[in-house]
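Novice: 3D model of this:
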Amino acid sequence: MSEAIGVLRARVRLERPSRTEDDLGGAEISWVDEGAVWAELTADGVAAGAAHDTMVSTASLTARMRPRADVRMGWRVVWGVRVFRVLGVKNDGGARIELSCEEEVL
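Specialist: I've put the predicted structure just below:
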């Protein structure tokens, strides 16, 4: 992996979930913007499956960015109109952290 700043070419937004309970005992999940960052995005693969009588395509990618202590599993990476769920965060103390992400498209 190159340590050059030039590899961080994609401007993405990070979002965290916020749960708001309603009066009936339910809850609504909304997304709170945690800011835009530069990232290196690498496609990891694509899989297809069936869900509710519909074909589902699942794309996975790795997002590498400068270290942040607040990013957690369950956050989202938004790249243009595409939204990826963060499935895992790898931080080995180096110059970059890696977010394993997955996108589902119906």
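
Novice: what does the host helix or strand of Ala59 rub up against?
Specialist: Following DSSP states H and E, the helix or strand that holds Ala59 is strand 54-65. With CB atoms under 8 Å, 6 or more residues apart in numbering as the test, strand 54-65 has contacts from 1, 7-8, 10, 12, 37-50, 77, 84, 96-106. Every C-beta, even on glycine, is put in place using the N, C-alpha and C of the backbone.

Novice: can you give me the buried ones in stretch 61-76?
Specialist: Buried positions in stretch 61-76, judged by neighbour count with 16 or more other CB atoms under 10 Å: Leu61, Thr62, Ala63, Arg64, Met65, Val71, Trp75, Arg76.

Novice: touching, the last one and Leu14? I think so.
Specialist: I take that to be Arg76. Yes: contact criterion CB atoms under 8 Å: Arg76 and Leu14 qualify, at 7.3 Å.

Novice: kindly list the longest strand within the chain.
Specialist: When secondary structure is assigned using DSSP state E, the longest strand within the chain turns out to be strand 27-51.

Novice: strand partners of that strand, parallel vs antiparallel please.
Specialist: strand 10-21 (antiparallel), strand 54-65 (antiparallel) (DSSP bridges).
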